[in-house]
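Trainee: show me how the following folds:
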Amino acid sequence: MEQGKGIKKGIHELYATDPLEADKMLWGREVDPLTRRGFLKKGALFAMSAALGAHIPFWRNMPGGLIPVVLADSTEPFQLPGKHPELIILNDRPVNAETPAHLLDDPITPADKLFVRNNGIPPQDIDIHHWTLTITGESAKKTVSYTLEELKTKFKNYTYQLTIECGGNGRSEFHPPAPGNQWTVGAVGSPEWTGVRLGEVLKSAGIQEDAVYIGYYGKDTHLSGAPHKVPISRGVPISKALEPHSLIAWAINGEDLPLLNGYPLRLVCPGWPASTSGKWLEKIVIRNQIHDGTKMGGYSYRVPCHPVAPGTKVTEDEMCIIESMPVKSIITSPRSGAMLKLGQSLKLRGHAWAGDLSVSAMEVSIDFGATWQPCSLKAPKNPYAWQHWETTVNFPERGYYEVWARATDENGKMQPMLVPGWNPKGYLNNACHRIAVKIL
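Mentor: Numbering: from 1, shown residues only. As a prediction, this is how the structure comes out:
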């Protein structure tokens, strides 16, 4: 896109800089600050319809400040070892890559389609016969160490389907923009994990009465290469660690973990930010205080304790640690950009999840949220597994539509239609997922 003084900007950059100004510049759309609906003059409506390739029947309901989803999708391929070629690379040092929504269609996420979120460099030349896990810390009654083989044989093995999601999933939609990897919707997955219960291993070391938290350490290397620097060391309250579905895992879907996802050993703390599920695991500390490892303090994986206006400067003492992830859903079929003939019905399906909770209802809208249609929703395979939903929709006339998906958790809390409360690092965006559909 050509602008004044020869400066070129793409639609993503324009919307990232100022979404309301981008609306005005591209389409001549003025946004009502109260309703957040975008008012399109006749010429602007024609321009947007031409860009989308179809008339927009529900244009009056279309929110302002959002890139039409048919223009927002990016599916540029990138190949990572052991990963599906369509994963979208966000960073190469450390490696971070997300999964396009349509690749998350499997009921159980295949290992090659699980997103990658790393902070350091994975270990090389791994010797699984000499890999050990040590449990220690000021609130451990004794220090114990286990080889992989001892973990597998001394403790009962469990297999659960567990959902993990990056705390920054959806960060790309915040404005003002938040620093960090600009995840869209694909930093989530729900594979089957096999391992032992974290709580049973902790208890084998003995847990002092003053224990309040655990922290993990992995064998990944800091980006600087400095051996004394820790890339990440986070943790969870002892109550979360002792839950039966918190695992020390060595397998995913019956196979060894992929190297980029923590081979040969990792934590899985489902329902909480995936950063609590440490990879390449070699040590767990039982703490008598909130763990103070790398990326536990400051603004890391924290949000303002109270709502703030976008762009507000928040001090560190006003930031609270993220715990359970919010209710969320995704449309996995069809992929965005589907085209149908007038009169054809469209079958939709996807998944929904809600941190520590379950999902109680699922709905879709084809008129930008003015009305909602209920979906069929299945129960989870086990606690913390995502839930599958499906429905069929019909369209009243030819044109451009967006299908929006909305889940409600067991406490009655719904996904917001648009980006929820702004925060400095762009965490916890659980706004409705949307796909584009054209009726010809």
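Trainee: helices along the stretch 251-400 of the chain, start to end?
Mentor: For the stretch 251-400 of the chain, applying DSSP state H, counting those that start in this stretch gives no helices.
Trainee: mind listing the strands for it?
Mentor: 255-256, 266-268, 281-287, 302-304, 319-321, 328-333, 338-340, 346-353, 359-365, 373-374, 376-377, 387-393, 399-409 (DSSP state E, counting those that start in this stretch).
Trainee: what does the fourth one contact?
Mentor: With contact meaning CB atoms under 8 Å, 6 or more residues apart in numbering, strand 302-304 is reached by 312, 314, 318-322, 421, 423-425, 427-428. All C-beta spots, glycine's among them, are computed from the backbone N, C-alpha and C.
Trainee: ok, back up a step: okay if I get the strands of the stretch 251-400 of the chain as JSON lines plus distance to V196?
Mentor: Formatted as JSON lines, these follow (distance: least, CB to CB, whole Å):
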{"stretch": "strand 255-256", "distance to V196": "16"}
{"stretch": "strand 266-268", "distance to V196": "11"}
{"stretch": "strand 281-287", "distance to V196": "12"}
{"stretch": "strand 302-304", "distance to V196": "30"}
{"stretch": "strand 319-321", "distance to V196": "26"}
{"stretch": "strand 328-333", "distance to V196": "29"}
{"stretch": "strand 338-340", "distance to V196": "44"}
{"stretch": "strand 346-353", "distance to V196": "24"}
{"stretch": "strand 359-365", "distance to V196": "28"}
{"stretch": "strand 373-374", "distance to V196": "40"}
{"stretch": "strand 376-377", "distance to V196": "32"}
{"stretch": "strand 387-393", "distance to V196": "26"}
{"stretch": "strand 399-409", "distance to V196": "29"}
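Trainee: among these, which is nearest A226?
Mentor: strand 281-287 (17.6 Å; CB to CB).
Trainee: can you pull the contacts of S277?
Mentor: S277 touches 164, 266-270, counting by CB under 8 Å, 6+ apart.
Trainee: mind running it again at 6 Å?
Mentor: S277 sits next to 164, 267-269 when contact means CB atoms under 6 Å, 6 or more residues apart in numbering.
Trainee: let me know the closest of the contacts of strand 302-304 to V144.
Mentor: Nearest to V144 out of these is I321 (CB to CB; 27.7 Å).
Trainee: filter the contacts of strand 302-304 down to the buried ones, PyMOL style.
Mentor: Those of the contacts of strand 302-304 that count as buried under 16 or more other CB atoms under 10 Å are selected in PyMOL with:
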select buried, resi 314+319+321+322+421+423+424+425+427+428
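Trainee: need the max-distance pair from the contacts of strand 302-304.
Mentor: Between any two of the contacts of strand 302-304 (CB to CB), the greatest distance is 19.1 Å, for T312 and I321.
Trainee: can you list the domains in the protein?
Mentor: 11-73, 111-321, 328-439 (the TED database).
Trainee: which stretch among the ones you listed approaches L80 most closely?
Mentor: Per CB to CB, nearest to L80 of these: domain 111-321, 6.6 Å.
Trainee: how far does the closest one stretch from one end to the other?
Mentor: Start-to-end span of domain 111-321 (CA to CA, to the nearest Å) is 29 Å.
Trainee: tell me how far it is from the chain's mean position?
Mentor: 15 Å (CA atoms, centre = their mean, to the nearest Å).
Trainee: follow-up on the earlier one: looking at the contacts of S277, which is nearest L346?
Mentor: Closest to L346, out of all of these and judged by CB to CB, is I164, at 30.0 Å.
Trainee: the closest one - nearest residue in space that isn't next to it in sequence?
Mentor: A274 (4.3 Å; CB to CB, 6 or more residues apart in numbering).
Trainee: I'd assumed L162 was in contact with the one you found.
Mentor: No. If you go by CB atoms under 6 Å, A274 and L162 don't touch, sitting 10.7 Å apart.
Trainee: ok, now which ones touch the residue nearest to I164?
Mentor: 164-166.
Trainee: so which of those are in helices?
Mentor: Using DSSP state H, no member of those falls within helices.
Trainee: could you point out which element follows whichever helix or strand Y146 is part of?
Mentor: Assessed by DSSP states H and E, Y146 sits inside strand 144-147. Once strand 144-147 ends, the next helix or strand along the chain (criterion: DSSP H and E) is helix 148-154.
Trainee: from W280, how far off is the closest residue to G120 other than its chain neighbours?
Mentor: Excluding its sequence neighbours, the residue lying closest to G120 (CB to CB, 6+ apart) is P231, at 2.9 Å. Distance check for P231 against W280: by CB to CB, to the nearest Å, it reads 10 Å.
Trainee: again with G120
Mentor: For G120, the distance to W280 - CB to CB - is 9 Å.
Trainee: neighbour count: those two, which is higher?
Mentor: W280 (25 against 22; other CB atoms under 10 Å).
Trainee: tell me the contacts of that one?
Mentor: Here W280 is in contact with 123, 218-220, 262 (CB under 6 Å, 6+ apart).
Trainee: and N157, how many neighbours?
Mentor: Counted with other CB under 10 Å, N157 comes out at 14.
Trainee: partners of it in the sheet?
Mentor: Under DSSP bridges, the beta-bridge partners of N157 are V196.
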